[in-house]
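>>> okay, here's the prediction I keep looking at, along with the sequence it came from:
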Amino acid sequence: MSVSRNPASWLEVINTYNADLKSSYYEGSLLPKWRKDYAGSFLFCKEYMDKSLQIPPHMRRGFNELFVGTKYLDAGYDALLWCRRGECKTCFQKAGELLGDRAAEQFLTTEEGGRPPDLLVFDTPTGRFRFVECKGKESFTHRQVPKFTEIENYLNHISRARAELLTDSRDEKLFPALSPSQWIHIARVLPEKKIVVRPRKPDAWIPVAGPGQVVIGRLVLKREMLIDELKRFEAGEELPRPKMSWWISHVNEVRIFRSAPTNYFG
Ligand SMILES: [Zn+2]
C-alpha cells in the first residue's frame with residue numbers, strides 16, 4: 001500500500017486489480033455477479049443499472065469506480081456512484097440526505113464547473129461520508145481541482161448540515177487519514193504488475209570423460225594422446241596453427257591432469 005500526496009494535495013491510495021477481473025467486467029460476466037453479491041446496495045442500484053446504457057453489456061464504463069466501491073461494501077459501508085439528478089432519482093435523494101439538500105443541489109445536479117468526485121462513500125447508521133475520486137493513470141482534468149476545492153469549502157464553511165467525515169482507522173487503505181477540512185481522497189486504480197516467468201534455459205551440455213579420457217575446456221580427449229601432445233608442445237615442436245592456439249590457452253590445465261593420479265580420471 002502507498003499513500004502519497006498528489007500535486008493538488010489530496011491523498012492518493014493505490015488499488016491494484018488482476019487483469020482477468022477487468023476482462024471479465026468488459027466481457028460482461030463480472031457485473032451480474034457483483035449485482036447479485038451486493039444486491040440492495042446503493043452502489044449497485046437496481047433502478048439505475050437496469051436501464052443504464054453506460055455499463056456492460058452496452059458500454060464498458062464504471063470498472064474503476066465499482067471495483068473501488070466493492071472494497072467499501074466489503075468493509076460494511078455503502079457508496080453512491082451515479083447520483084446526479086437525471087441519473088437516478090433514488091441515489092440523488094440519498095446524496096441529498098447525506099450532504100444536506102442545498103449541497104446536493106449545488107454539487108450533484110449539474111456537471112457545470114466539473115464533475116464531483118466519483119464515489120460518495122457513506123456509513124448508513126451514522127450518515128458520515130467522504131468523497132473518493134477513482135482514477136486510472138489519468139491526471140486531474142483542469143476543472144476537477146477547482147470543483148473539488150469548492151466542494152470542500154462548501155462543506156467546511158457554507159453548509160448548515162451537520163456533515164461529519166467518515167473515518168475508520170482499522171483500514172488506512174480505505175480511509176487514509178485526511179487533514180482537517182479535507183473530505184476527498186484519490187483512489188488510484190492500476191493493474192497488478194505481471195510477474196513474467198522466463199522459461200529456464202535448458203541445462204548446458206556437460207561433457208563427461210569416459211575411461212582413458214579427460215575433459216579440457218569442453219572437449220573430451222584421449223588422455224594418452226593428450227600427454228603425448230603436451231610433451232611435443234613443451235619441446236617446442238611446431239604444431240598446426242589451430243592446435244598451437246588451443247595449447248597456448250589450455251597448457252596449464254593439461255599439466256594439472258598430467259600430475260594427477262591416472263585412475264582419478266579413469
Ligand atoms: Zn440509484
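Happy to help now that I have it. Numbers count the residues shown, from 1 in each chain.
>>> burial of the nearest residue to residue 75 once chain neighbours are set aside, as a residue count?
Of all residues not flanking residue 75 in the chain, residue 174 sits nearest, at 5.8 Å (Cβ to Cβ, 6 or more residues apart in numbering). Just so you know, the C-beta spots here come from the backbone N, C-alpha and C atoms, and that holds for glycine as well. Neighbours of residue 174 under the rule other Cβ atoms under 10 Å: 22.
>>> just the strands from the stretch 1-150 of the chain, written as ranges.
3-5, 11-17, 78-80, 119-122, 129-135 (DSSP state E, counting those that start in this stretch).
>>> for the third one, the distance to its chain's centre please.
Its chain's C-alpha centre lies 23 Å from the corresponding centre of strand 78-80 when counted by Cα atoms, centre = their mean, to the nearest Å.
>>> does that strand reach the ion?
No - using Cβ under 5 Å from the ion, strand 78-80 never reaches the ion; the gap is at least 7.6 Å.
>>> before we move on, back to that, could you check the pLDDT of the residue nearest to residue 75?
Per-residue confidence (pLDDT) for residue 174: 96.
>>> quick check: the gap between it and residue 68.
Here residue 174 is placed at a distance of 9 Å from residue 68 (Cβ to Cβ, to the nearest Å).
>>> if I look at the closest residue in space to residue 97 that isn't next to it in sequence, how far off is residue 28?
Residue nearest to residue 97 in three dimensions, not counting chain neighbours: residue 127, with 7.4 Å by Cβ to Cβ, 6+ apart. Distance from residue 127 to residue 28, counting by Cβ to Cβ: 35 Å.
>>> residue 224 too?
76 Å.
>>> what residues does the stretch 1-150 of the chain have near the ion?
45, 47, 48, 88, 90, 91.
>>> switch the cut-off to 8 Å
Neighbours of the ion within the stretch 1-150 of the chain, by Cβ under 8 Å from the ion: 42, 45-48, 80, 82-83, 87-92, 94.
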